[in-house]
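K.L.:
What would the 3D arrangement of this be:
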Amino acid sequence: MRIWGYIVLVLGIIYLILFMMANSTGAHIKALPFLITLFLIYSGVMLIKSGKGILQTRTSANADTKFVSAFTEQIPMSRDVAKVIEQQCAKNYKIIKYLGVGSLIFFLLFGAIIGILDKNLQESIALTIVFGILGIFTALMTVGAFWLINRVPLKKDLSGTNYLRTKGPIELTPFMGGAILRLADRAFLINGKFAIPELIKINEGTVDYSCHAHVILAAWDRNGEMIFCAPGYNTDSIKPGTSHQK
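P.N.:
Residues are numbered from 1 along each chain as shown. Predicted coordinates:
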């Protein structure tokens, strides 16, 4: 999740520099674009700060690492589980492609409209170019970030031999269309919107998820009642409380 924080932070700083450069050429950009860049910078900082598990932030730097890591165990990966992870990521990839194309069209139209409304020809051209560059850059960043944060980790998940189960406190915070999931000893952005409505209702329980792409496979509340299960994920032989490879 911290990687996402650094990406959003850098994106906000780049936008801020481009807007300032546009203003220096005579284009009078209103306050809204600057507010958006400040929001991106703030979001990046928040992601970086929230990149630790709930109990990791409560313990000191000299705390017993075995105590913290005891909340997460490894479960052997099967072909069926790998297939579920791959299917969930495939759905997210379609959404990302739509977001990339949508952001490109939005910035191009926004720049064209502002350019048409500006009576100064030089400013009009400058605004159109700036927002065109922003649209292309945003689309490339969206697809590129998804590839680095999702497709690459997905390959690691599919080639790996285990996935994870964490038991303990749960904290879920909606964030930019998705959510930040903080567990006992780790924190990450949920891959897609799957399980968000269910996880936001509990503050303690058990969560199964992939090691790298962080696809949520199943979740139980503190009483062991299942609240979410990804389509195709069979939990009959791996219910919480059974013994698995550590």
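K.L.:
Need the per-residue pLDDT for the residue nearest the centre of the chain.
P.N.:
The residue lying closest to the centre of the chain (CA atoms, centre = their mean) is residue 189, at 4.0 Å. pLDDT for residue 189: 80.
K.L.:
Wait, it touches residue 174, no?
P.N.:
No. The pair formed by residue 189 and residue 174 falls short of the contact definition of CB atoms under 8 Å, at 11.3 Å. Bear in mind the C-beta positions are built from the backbone N, C-alpha and C, glycine included.
K.L.:
What is the neighbour count of residue 107?
P.N.:
By other CB atoms under 10 Å, 20 other residues sit near residue 107.
K.L.:
and it, that's in a helix?
P.N.:
Yes. Counting by DSSP: H, G, I helix; E, B strand; the rest coil, residue 107 falls inside a helix.
K.L.:
Give the helix, strand or coil label for residue 133.
P.N.:
helix.
K.L.:
and it, how many neighbours does it have?
P.N.:
14.
K.L.:
With adjacent residues omitted, what lies nearest to it?
P.N.:
In this structure, residue 133 finds its nearest non-sequential neighbour in residue 18, 7.0 Å apart by CB to CB, 6 or more residues apart in numbering.
K.L.:
Do me a favour and average the pLDDT over the helix or strand the one you found falls within.
P.N.:
Secondary structure from DSSP states H and E places residue 18 in helix 2-24. On average, the pLDDT along helix 2-24 is 76.
K.L.:
elements contacting it?
P.N.:
Secondary-structure packing of helix 2-24 (3 or more CB pairs under 8 Å, 6 or more residues apart in numbering; DSSP states H and E): helix 31-49, helix 121-146.
K.L.:
pLDDT of the top strand by length along the chain, averaged?
P.N.:
Longest strand in the chain, counting residues (DSSP state E): strand 162-169. For strand 162-169, mean pLDDT rounds to 94.
K.L.:
what about stretch 214-221, distance to the chain center?
P.N.:
Distance, stretch centre to chain centre, for stretch 214-221: 16 Å (CA atoms, centre = their mean, to the nearest Å).
K.L.:
and what of stretch 179-188?
P.N.:
11 Å.
K.L.:
Can I get the helices and strands packed on helix 2-24 in CSV including mean pLDDT and distance to residue 83?
P.N.:
Putting those into CSV (pLDDT from 0 to 100; distance: least, CB to CB, whole Å) gives the following:
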stretch, mean pLDDT, distance to residue 83
helix 31-49, 75, 30
helix 121-146, 73, 21
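K.L.:
Any chance of these in TSV with distance to residue 154 as columns?
P.N.:
Formatted as TSV, the helices and strands packed on helix 2-24 follow (distance: least, CB to CB, whole Å):
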stretch	distance to residue 154
helix 31-49	21
helix 121-146	10
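K.L.:
so of these, which one's packed in deepest?
P.N.:
helix 121-146 (a mean of 18; mean count of other CB atoms under 10 Å).
K.L.:
and for the helix or strand following that helix, what are the contacting residues?
P.N.:
For helix 121-146, the following helix or strand on the C-terminal side (DSSP H and E) is helix 152-159. If you take CB atoms under 8 Å, 6 or more residues apart in numbering as the criterion, helix 152-159 is touched by 77, 82, 85-86, 89, 163, 210-215.
K.L.:
Could you find the lowest-pLDDT member of these?
P.N.:
Scanning the contacts of helix 152-159 for pLDDT, the low point is residue 89. It has 79.
K.L.:
tally of neighbours for it?
P.N.:
The criterion is other CB under 10 Å. On that basis, residue 89 has 21 neighbouring residues.
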